[in-house]
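**Student:** How does the following fold in three dimensions:
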Amino acid sequence: MAHGETFKYNYAIICRIPQTFQYKALRTKAGKPIDIDRARKEYDDLRDILKNCDVNVIELQEDENYPDCCFIEDCAVCIGGTALIARPGHTSRQGEVGEIRKVLKNDLKLNVEEIRNAKATLDGGDVLFTGKEIFVGIGKRTNDLGAAAVADFFPEYNVNSIAIGKCETLLHLKDVVNMAGRNIVAVGGGNDAETKEANYILTEMQSLAQYTYKILHLDNRAGVDMLYINGRLIHRTREEMGEKNYGVIDEKIPYTRHRVNLSELSKADGYISSMLLPIYKKKNQMNVLSDITEDDIAPFCHK
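**Tutor:** Prediction:
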């Protein structure tokens, strides 16, 4: 991917929220019930923001057999014109990748690669692309073999593995670190345990990195939840991240920002980037894909 194309995307694949999400979505912590109507409103708001960021949105049908299918990021790693089909670490989610594969290969016609080792696990949420190199978190959902697959299929980038298995508060690497802009890494914790884990990950990243990044320090997970896309930053609302974090972003980020509330989706460990697969395709076919109907893309179902 050329430097000028980094963080530039013209497509995003998203998936609607099934009714089963309300009761059967995987959750690392027991908590308040999920309000399905509010969760769908958050999804709709994010979809509209993506359209305002000059992205063609490809929306897949929900599948009641896969309560977590809206967290589509975990199904593939897309960098440049290559899409690596992931092998989600939780067995209940592995059937989700089939429909994603079809869209990436048949509709977007990307170079689609498969993980060959049957023992490998890889969640897209554990893969952070900085525009210059790749960091992979090895922990609850991604193992060493999954990280090795990322290195195999993206040989043009330095791929760094970070052991996050002992980080009890983390499900994915992107829970605690995201890109806030070109060369800007946002990192942050919350309580003492979260802050300790965030500091550990930042130290590991800085020791492994081949490049130097500016660090945007934030003090809770909602503050770190952001997506830099097409020169704009999508992040959580002031109410969710708090005045202090909002003030830091106000001060440090000069480009256009979009705010989205994810309070319901976050109950099932959802975050902004988990809701989409952003893709840059060199040969633009906007006039075709913007007209995709439900008949063109089969239901998100594998029997």
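**Student:** tell me the contacts of Leu208?
**Tutor:** Counting by Cβ atoms under 8 Å, 6 or more residues apart in numbering, Leu208 makes contact with Phe135, Asn160, Ile162. Backbone N, C-alpha and C define where each C-beta goes, glycine included.
**Student:** where in this structure is pLDDT low?
**Tutor:** 1-5, 283-303 (pLDDT under 70).
**Student:** Pairing partners for Arg259 in the sheet, please.
**Tutor:** Counting by DSSP bridges, Arg259 forms beta bridges with His235.
**Student:** who touches it in this structure?
**Tutor:** Counted by Cβ under 8 Å, 6+ apart, Arg259 has contacts Ile234, His235, Arg236, Thr237, Arg238.
**Student:** Out of those, grab the one that's most surrounded.
**Tutor:** His235 (28 neighbours; other Cβ atoms under 10 Å).
**Student:** and the gap between that residue and Ala186?
**Tutor:** 9 Å (Cβ to Cβ, to the nearest Å).
**Student:** if I look at those two, which residues touch both of them?
**Tutor:** Joint contacts of His235 and Ala186 (Cβ under 8 Å, 6+ apart) are Gly223, Met226.
**Student:** ok, and Pro18, which helix or strand is that part of?
**Tutor:** Assigned by DSSP states H and E, Pro18 belongs to neither a helix nor a strand.
**Student:** dump the residue contacts of it.
**Tutor:** Pro18 is in contact with Glu62, Asp63, Glu64, Tyr66, Pro67, Cys69, Cys70, counting by Cβ under 8 Å, 6+ apart.
**Student:** Redo the contacts of Leu208 as a markdown table? Include secondary structure, neighbour count and distance to Lys119.
**Tutor:** Formatted as a markdown table, those follow (DSSP: H, G, I helix; E, B strand; the rest coil; neighbours: other Cβ atoms under 10 Å; distance: Cβ to Cβ, whole Å):
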| residue | secondary structure | neighbour count | distance to Lys119 |
| --- | --- | --- | --- |
| Phe135 | strand | 25 | 22 |
| Asn160 | strand | 19 | 22 |
| Ile162 | strand | 22 | 20 |
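**Student:** just curious, which of the residues you listed is nearest to Val103?
**Tutor:** Phe135 (26.1 Å; Cβ to Cβ).
**Student:** Surely that closest one is in contact with Ser207?
**Tutor:** No - contact criterion Cβ atoms under 8 Å: Phe135 and Ser207 do not qualify, at 11.5 Å.
**Student:** Tabulate the contacts of Pro18 (a markdown table), appending secondary structure.
**Tutor:** What follows is the contacts of Pro18, written out as a markdown table (DSSP: H, G, I helix; E, B strand; the rest coil):
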| residue | secondary structure |
| --- | --- |
| Glu62 | coil |
| Asp63 | coil |
| Glu64 | coil |
| Tyr66 | coil |
| Pro67 | coil |
| Cys69 | coil |
| Cys70 | coil |
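**Student:** What is the end-to-end distance of stretch 234-252?
**Tutor:** 14 Å (Cα to Cα, to the nearest Å).
**Student:** What are the contacting residues of that stretch?
**Tutor:** Outside stretch 234-252, the residues that touch it by Cβ under 8 Å, 6+ apart are 46, 49, 53, 180, 184, 188, 216-220, 222-223, 225-228, 233, 257-263, 272.
**Student:** 7 Å - rerun?
**Tutor:** 49, 216, 218-220, 222-223, 225-227, 257-263, 272 (Cβ atoms under 7 Å, 6 or more residues apart in numbering).
**Student:** Please name the spatially closest residue to Leu128 (chain neighbours excluded).
**Tutor:** Once flanking residues are discounted, Leu128 sits nearest to Phe135: 4.5 Å by Cβ to Cβ, 6 or more residues apart in numbering.
**Student:** what does Leu104 give?
**Tutor:** Ala83 (4.4 Å).
**Student:** who's the one you found bridged to?
**Tutor:** Using DSSP bridges, the beta-bridge partners of Ala83 come out as Cys78, Val112.
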